[in-house]
Every structure is written in C-alpha cells, then in structure tokens.
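Q: Next come a sequence and a model predicted from it.
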Amino acid sequence: MLRLQSASFAYQPHRRDDTVLRQHLRELAQVRVRYSSQRLYILLRREVWAR
C-alpha cells in the first residue's frame with residue numbers, strides 16, 4: 001500500500017511560455033544547419049536568451 005501526501009494529488013506543474021525562444025532557436029537552426037545543439041545554445045546565450 002502506498003501512502004502519499006495529499007499535496008501530491010493537488011500539484012499542478014507550471015510551464016513557462018517559451019514559444020518565442022523555441023521559434024528563435026528554430027530560425028537559428030535553419031540558418032546554421034551544421035551547428036550542434038551546444039553551439040546553438042552558445043549563440044542563444046550570447047544573445048541573452050538563456051536564463
């Protein structure tokens with residue numbers, strides 16, 4: 001038998017709205033096709049997107 005806290009049932013995850021970030025990442029990936037995900041991440045950080 002499992003015993004869970006009542007708060008576990010009431011938990012609602014909250015996702016931030018990152019649609020603008022995702023769109024910008026797709027644009028970068030289309031322009032720089034041969035870049036890896038790490039390199040794209042660095043480009044985003046240089047543009048102050050990463051938090």
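A: On my side now, so go ahead. Numbering: from 1, shown residues only.

Q: any idea which helix or strand carries residue 7?
A: If you go by DSSP states H and E, residue 7 is part of helix 6-10.

Q: any idea of the mean pLDDT in that helix?
A: Mean per-residue pLDDT for helix 6-10: 73.

Q: what helix or strand is residue 23 on?
A: Taking DSSP H and E as the criterion, residue 23 maps to helix 19-31.

Q: Likewise for residue 39?
A: Secondary structure assigned from DSSP H and E places residue 39 in helix 37-46.

Q: elements contacting the helix holding residue 23?
A: helix 37-46 (3 or more C-beta pairs under 8 Å, 6 or more residues apart in numbering; DSSP states H and E). Yep, even glycine has a C-beta here, placed from its N, CA and C like the rest.

Q: on that earlier part again, which residues are contacting the helix holding residue 23?
A: Contact partners of helix 19-31, identified using C-beta atoms under 8 Å, 6 or more residues apart in numbering, comprise 35, 40, 43-44, 49.

Q: From the chain's centroid, how far away is stretch 38-50?
A: Computed by C-alpha atoms, centre = their mean, to the nearest Å, the separation of stretch 38-50 from the middle of its chain amounts to 12 Å.

Q: Pull out the buried positions in that stretch.
A: Of all the residues in stretch 38-50, those buried under the rule 16 or more other C-beta atoms under 10 Å are 40, 43.

Q: One more: stretch 21-30?
A: Using 16+ other C-beta under 10 Å as the test for burial, stretch 21-30 gives 24-25, 28.

Q: Which one of the residues you listed is nearest to residue 6?
A: Nearest to residue 6 among the buried residues of stretch 21-30 is residue 25, at 38.9 Å by C-beta to C-beta.

Q: any idea of the pLDDT on that closest one?
A: 92.

Q: do the same with residue 49
A: Looking at residue 49, its pLDDT reads 66.

Q: one step back: for the helix holding residue 7, what is the distance to the chain centroid?
A: Centroid separation for helix 6-10 versus its chain: 26 Å, with C-alpha atoms, centre = their mean.

Q: for stretch 11-25, same thing?
A: On C-alpha atoms, centre = their mean, the centre of stretch 11-25 falls 6 Å from that of its chain.
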